[in-house]
Structures are given as structure tokens and as C-alpha cells.
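A.B. asks: Let's see this in three dimensions:
(chains A and B)
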Amino acid sequence: MRTAALNALVIIVLAAFIHITAVLSMPYLAPKNAWARISALSDANRMFVLPAASPSHQSLPLMAPDVRYSVCRFNLNEGPVRLSTQILDDLWSIAFYTPSGDNFYAITGRELKRSRIEIIISTQNQVGVKAGASLLDEIEDLIVVDSPVREGIAVIRAPLLGPSYAVQTEAALRRGACSRYLPGSDFRR
Amino acid sequence: MRSLLNLLFIFGLALTLGLGSAWYVIEEGSGLTTSYVGPWSVWRNAGKPNADPYTKAHIARAGRLPITATSALYFFATSDEVGKQLSSDCEYVVEGRPLNTAWWSLAVYDGTGRLIPNKADRHSFNRTDVARRADGSFRIVLARSARPGNWLPTAQQGSLQLILRAYGLRNADNVLDKAAAERGLPTIHKVVCR
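C.D. replies: Numbering: from 1, shown residues only, chains lettered A, B, ... in the order given. As a prediction, the model looks like this:
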């Protein structure tokens, strides 16, 4: 009787331990998380327009068929990264993620109130960026995003206002850019 | 020998229980992480950096990149309002009022998450392209063959799932408030099965 109770206790404790380990390790071990999928699709610090979701292909699981997406897998190891894009509508949004999928920053066209933006992504200790950027005071469209991680993903979402908007929306996303930010270089290019 | 078997049994059972329960709460959610409103379920903290470990595990496993739940919510439905699994063998009416969001979209997928091929190339209706009645409400019909109005084509066979995306929530907590959500989210009503 005592052994049975002891066995049950061991099973429960062990099961709880396995449960907790499995849950906590999932963000890092899930083989097909979004970071793994996007890493397979595009190089670091490049803007990549995801192909529209179709019955035969989805770059990420359960993509919206009526949203067009572009992504930049940023890597800040060599320094800050600059992202620029048109914003055609209030509904557009730009969201920043850690490799495990935490959305640490997001902003929408409605909040931006402008048709084109430049974003500099940097880690907190990459100082000088802010100072450097603020020197470029003719650039009002600049936003500096502090990233908690050295690598991550920026996703631009462009909801289609109707099926006929697809071509125009995809073209606008393709004009976006993502690259290492070199302070001192002509920002506007 | 007996004690070895005993040990194996203990370990096997613990492994099954531990992994099984983890799998269940990560896949299906639980009251801790997920709200259930009629046929819809929503991970309340998806995408939030301070989300609980179950939500983070769920998102990683799903391979999705949801916008933080403070400004967008994703409602999933795999069954109709009486709890029967959504099936391509049946026709459904999804009826509701536009959500109080900047944009919403209702998309249909098959049971494995694929979009369903159809001649109309129609996989969703959204706030901007759905035909609405004068009072702002809408009615979307899910069926294999064409229907007048907002027709969302379904597959020849197999189960279905719906995702209702709500971008630009004016107040996410309000949407998650159960009573408000029940008034606000569309109903999924089965019409007929073949």
C-alpha cells in the first residue's frame, strides 16, 4: 500500500517535471516555428515579400489570404538595421518579433499618419544611433526601435482593401528595403 | 527483474502523462490561456512578450507570428454554434455585425490549414469587401457550390476551420469580455448537410 502511494507520487512529480520542461522548451525547440521558416526563406537584413497565400503554398501556417506580408529578418550583430517602406493605408502595420515569436513592438499606419517611413532597429546598447539619427533632423519620418534581441523579424502587414488591390499592394511592399544602417551615409539615398 | 519493470512502468506512465498533458494544453488551450466564446476560441495573450509559457509554446508550435493581443485578436472556430465539427459536407451561414475594429477578415481553411482551391479564388471576406446590409450586418454562406451574396467556397470533403482576424482593436479587453464578445462575434449556423 505504501509502495503504491509512493509510486503514484513519483509518477506525478516526474510527469509534472516532464510537462513543465516540454512547455518551457517549446519556443526554442519547435522545429517549424516562424523564425525557422523565415530563416529558410530569406537572408538576414533583406526585405522579402512573402508570396501570397494560395491553396498550393503558404510561407507561414494559416496566413491570411487577404493580407500581403513582407518580412525582414534583422541581425544587429554588426550594427543597427534600417527598414524603409511605403505605408499605403491606415490599416498597414509593422510588427517586430523575437525569434520565439514575441511581438515586442508594433505600429499601424493610423498611428504613423504618413505614407512612407524609415525605421532604425537597434539594441539598447547601440548608442550613438539615436544621437546620430537626431542629427538628421530633416528626417521627420524616422522611428528608432529598441530591440531586446540581436536577431528578430519585422513583419509588414498590408490588408487588401479588395481583391483588385493585390497588384498595387505587392508592388508597394516590393519597394520597401531593409539593410544595415551605416551612420553617416546619405539616409535617403 | 520485477523492480526494473516497475521502474519502466513508472517512467513510461510519467512520460505519457507529462507529454500528453503538455501537448493538450499547448494545442487546445485551457481556461488559463484561452477564451471560448460560442464556437470561437481565442488565445488571449498571443504575441505578448509577457505571455505565459503555454501561450508562447502554442505560438512557437503553430509557427505563426500573431500581432500582440493588445491590438489584434485571432478567433478560431472548428465547430458550429452547437458544437458539431465544421464539415465540407454541410452548408453554414455565418452571420454577424462588424466587429469594433479597424479591420477584420474571416477566412476558411481545410482541417490541415490549407486554403481551399476554388474557381472564384475566394478564401475570405473582410471588412472592406463583404457585402453588408443597410444596418451594417453581414451574412456569409459557406457551401461547395455558388450561392448568392457572400459565398465562401468549401471543399469537396473533410473538415473546415475558420479564422476571424481582428486588427486594430479599439479595446482588446472589451472584445474579450464574454458578454460583449458574444454580442460582437458572428454566429455559425448549420443549414443543411449532404
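
A.B. asks: count of neighbours near A:Trp92?
C.D. replies: Look at A:Trp92: counted by other Cβ atoms under 10 Å in any protein chain shown, it has 26 neighbours. Where you see a C-beta, it was placed from the backbone N, CA and C, and this is true even at glycine.

A.B. asks: The one 3 residues further on now?
C.D. replies: If you count neighbours by other Cβ under 10 Å, A:Ala95 ends up with 22.

A.B. asks: Relative to A:Val155, how far out is it?
C.D. replies: Distance from A:Ala95 to A:Val155, counting by Cβ to Cβ, to the nearest Å: 5 Å.

A.B. asks: what sits in contact with each of those two?
C.D. replies: Shared contacts of A:Ala95 and A:Val155 (Cβ atoms under 8 Å, 6 or more residues apart in numbering or on different chains): B:Leu65.

A.B. asks: where along chain A do the helices fall?
C.D. replies: Secondary structure of chain A (DSSP state H): helices at A:2-29, A:34-41, A:109-112, A:129-135, A:166-174.

A.B. asks: meant to ask about chain B
C.D. replies: Under DSSP H, chain B gives helices at B:2-27, B:53-62, B:172-176, B:178-184.

A.B. asks: Mean pLDDT lowest where, among these?
C.D. replies: Lowest mean pLDDT within these: helix B:172-176, a mean of 63.

A.B. asks: Please tell me the pLDDT value assigned to A:Ser115.
C.D. replies: So A:Ser115 comes in at 86 (pLDDT).

A.B. asks: quick one: it and A:Thr85 touch, right?
C.D. replies: No - contact criterion Cβ atoms under 8 Å: A:Ser115 and A:Thr85 do not qualify, at 10.0 Å.

A.B. asks: of those two, who's got more company?
C.D. replies: More crowded of A:Ser115 and A:Thr85, by other Cβ under 10 Å: A:Thr85, with 24 against 14.

A.B. asks: What residues are bridge-paired with that one?
C.D. replies: A:Ile117 (DSSP bridges).

A.B. asks: How much space separates it from chain B?
C.D. replies: Distance, A:Thr85 to chain B, by Cβ to the nearest Cβ, to the nearest Å: 16 Å.

A.B. asks: Quick one: residues contacting that residue.
C.D. replies: A:47, A:70, A:94, A:116-117, A:156, A:172-173, A:175-177 are the contacts of A:Thr85 under Cβ under 8 Å, 6+ apart.
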